[in-house]
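**Q** Sequence and predicted structure below; questions after.
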Amino acid sequence: MGREDFIAVFGHIYEKSPWIVEQAWDQGLASTEDSPEGLHRTLVAIVEEAGPELQIRLLRAHPDLTGKLGVGGVLTVESRSEQAGAGLDQCTKAEYAEFQSLNQSYTQQFGFPFILAVRGRNRQQVLENFRKRIDSDRDDEFAEALRQVHRIAWLRLQEIECYN
């Protein structure tokens, strides 16, 4: 697989951040990365070594849950599917209002959107998690948001056909 194909296949696993897989390709991939686990380890390391400026851009590339769309104004197919799978597209008016309030408070407090790997959760579980995490301190929440980004990437990576 060439560079363009590699980026086309894997460039979406980190929300609107193909720079991560581009860097993985450019630094050279070893045979140990020829599995979902190996590639994921490499991608996680790239993000961890990227520094806070790129990490915050990665976090800000994510959309609000049930709220405004992510960077560029377009919800990715993956995010739309993941949010719908958790029932976030079927919120009651009260739930929607709470999500909007939490989204606004969270982003104002932390400087990036609330990020949670919602696959396998329902909207009540997502709201519970949101309510709990909004009281975190910034350093803890920054680390948790990155963990969630990596979890989302892992789940997306597992769905790629060449690994099934």
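**A** In hand now; what should we look at? Numbers count the residues shown, from 1 in each chain.
**Q** now the helices: where do they sit in this structure?
**A** Secondary structure of the chain (DSSP state H): helices at 3-10, 19-27, 36-49, 52-60, 77-85, 93-110, 123-133, 138-158.
**Q** and residue 66, which of those is closest to it?
**A** helix 93-110 (4.4 Å; C-beta to C-beta). From N, CA and C alone the C-beta is placed, and that goes for glycine too.
**Q** buried set for that closest one?
**A** 95, 98, 99, 100, 102, 103, 106, 107, 110 (16 or more other C-beta atoms under 10 Å).
**Q** now swap in stretch 36-43 and tell me
**A** Those buried within stretch 36-43 under the rule 16+ other C-beta under 10 Å are 36, 39, 40, 42, 43.
**Q** returning to that earlier point: now render the helices of the chain as JSON lines, adding mean pLDDT.
**A** Below are those laid out as JSON lines (pLDDT from 0 to 100):
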{"stretch": "helix 3-10", "mean pLDDT": "95"}
{"stretch": "helix 19-27", "mean pLDDT": "96"}
{"stretch": "helix 36-49", "mean pLDDT": "96"}
{"stretch": "helix 52-60", "mean pLDDT": "97"}
{"stretch": "helix 77-85", "mean pLDDT": "75"}
{"stretch": "helix 93-110", "mean pLDDT": "93"}
{"stretch": "helix 123-133", "mean pLDDT": "95"}
{"stretch": "helix 138-158", "mean pLDDT": "97"}
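**Q** Contact partners for residue 123?
**A** With contact set as C-beta atoms under 8 Å, 6 or more residues apart in numbering, residue 123 has these partners: 86, 87, 88, 90, 91, 95.
**Q** same question but for residue 38, I mixed them up
**A** Contacts of residue 38 (C-beta under 8 Å, 6+ apart): 30, 32.
**Q** neighbours around the spatially closest residue to residue 22 that is not a sequence neighbour, how many?
**A** Residue nearest to residue 22 in three dimensions, not counting chain neighbours: residue 7, with 5.9 Å by C-beta to C-beta, 6 or more residues apart in numbering. Residue 7: 17 surrounding residues under other C-beta atoms under 10 Å.
**Q** Per-residue pLDDT of the residue in the chain sticking out farthest from the centre, please?
**A** Residue farthest from the centre of the chain, counting by C-alpha atoms, centre = their mean, is residue 31 at 26.1 Å. Among the per-residue scores, residue 31 shows a pLDDT of 77.
**Q** Then the one 3 residues further on?
**A** In the predicted model, residue 34 carries a pLDDT score of 82.
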